[in-house]
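Asks: this one's structure only:
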């Protein structure tokens, strides 16, 4: 009996008035096991009566709570790399689409010479439709990309395939072609050529009355001169299958099929359909000397009178022919 009393004496009994103070002084660490003599209803009521500790409210101007810098450092570079990857993928898609369009659909070219005036001027930038098929009769209400008489075509220069030229189709395969005073005749009938321009020029029997086999003219390709003899009969040149006879609209200032031969079907790149921009002062355009590599005409023959540069623009807005911008080519 005395031992039991001594053991209980190590944990003094708390009355009802002292119990809340004891719980509060324990700072929330009050252990009911250390006070088994305290009845549970009194303990629960004392804990309920204990005042709650409120956290201080954040005031305006207080610094924000710090974030985990290790997580931010881990997320930052990863997000940056993801953004760069997305930008690179978008750029790659644009390049692929552009290459596809240039290769199979349309391609830009620039005119560096006067051989196609007045239809195309020096400094015109063209879009060329590359969807050109074999020649066939057009059907009503059905669009066609075949080559027809009177069409403008861009093609690889037969003498140098690295160059591109633009001319107008005059003779189709099987046509009998000749010129009289510079005007084209096909199968004995004169063509209506509202696009042709005849600037004053000295007499030239070979140029104006083609084909003329009296003597080889300066500037005529030797291989074409030999081939032409096999195609001419009764003063007319018969266009062979798979080839086209082309002329420049500026009839007295154009090197065309009269001088270097026929255009093979396989050499045709496409048909220009739109002037999307036109430079007014094209004579000062960088790379003008090698512009034939982009599109246009054969370089001027040796000894020819060089063309004068265009006049300087009178204002900043005069560098372009705005009236020719976005003009449909006919």
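Replies: Now that the structure is in, tell me what you want to look at. Please read all numbers here as calculations on a predicted model, not as lab measurements. Numbers count the residues shown, from 1 in each chain.
Asks: going forward, measure contacts between C-alpha atoms and count neighbours the same way
Replies: OK.
Asks: in stretch 253-268, what's buried?
Replies: Within stretch 253-268, the residues that qualify as buried are 253-265, 268, counting by 16 or more other CA atoms under 10 Å.
Asks: greatest separation within those: which pair is it?
Replies: Taking CA to CA, the two most distant members of the buried residues of stretch 253-268 are 253 and 265; they sit 24.8 Å apart.
Asks: how many residues are close by the residue nearest to residue 129 when sequence neighbours are not counted?
Replies: Leaving aside its sequence neighbours, residue 129 sits nearest to residue 106 (CA to CA, 6 or more residues apart in numbering; 4.7 Å). By other CA atoms under 10 Å, the residues close to residue 106 number 21.
Asks: residue 106 reaches residue 127, doesn't it?
Replies: Yes - counting by CA atoms under 8 Å, residue 106 touches residue 127, with 6.2 Å between them.
Asks: domain parsing for this protein?
Replies: 2-48, 107-299+316-328 (automatic domain parsing).
Asks: list the contacts for the residue nearest to residue 129?
Replies: For residue 106, the contact set (CA atoms under 8 Å, 6 or more residues apart in numbering) comprises 127, 128, 129, 130.
Asks: ends of stretch 319-330, how far apart?
Replies: 24 Å (CA to CA, to the nearest Å).
Asks: quick check: buried residues in that stretch?
Replies: Residues of stretch 319-330 classed as buried by neighbour count (16+ other CA under 10 Å): 320, 324, 325, 326.
Asks: any idea how far residue 117 is from the second one?
Replies: Which is residue 324. 13 Å.
Asks: before we move on, what about the first one?
Replies: Remark: distance between residue 320 and residue 117 (CA to CA) = 17 Å.
Asks: please apply the same query to the third one.
Replies: Distance, residue 325 to residue 117, by CA to CA: 16 Å.
Asks: repeat that for the last one.
Replies: Counting by CA to CA, the gap from residue 326 to residue 117 is 18 Å.
Asks: picking that back up, mean pLDDT for the domains of the chain: which is lowest?
Replies: Among the domains of the chain, domain 2-48 carries the lowest mean pLDDT, a mean of 51.
Asks: who are the packing partners of the lengthiest strand in the chain?
Replies: Using DSSP state E to define each element, the chain has its longest strand at strand 268-278. Where contact means 3 or more CA pairs under 8 Å, 6 or more residues apart in numbering; DSSP states H and E, strand 268-278 is packed against strand 124-129, strand 152-156, strand 327-328.
Asks: now the strands: where do they sit in this protein?
Replies: Counting by DSSP E, the strands of the chain are 106-110, 124-129, 152-156, 164-171, 176-180, 183-186, 189-190, 232-233, 236-238, 243-247, 263-264, 268-278, 327-328.
Asks: tell me where the protein has helices.
Replies: 2-8, 19-25, 40-48, 69-100, 205-208, 222-231, 257-260 (DSSP state H).
Asks: returning to what we had before: Serialize the strands of the chain to TSV and add fields for distance to residue 201.
Replies: Listed next are those as TSV, based on distance: least, CA to CA, whole Å:
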stretch	distance to residue 201
strand 106-110	26
strand 124-129	25
strand 152-156	24
strand 164-171	20
strand 176-180	15
strand 183-186	15
strand 189-190	22
strand 232-233	26
strand 236-238	24
strand 243-247	17
strand 263-264	26
strand 268-278	27
strand 327-328	30
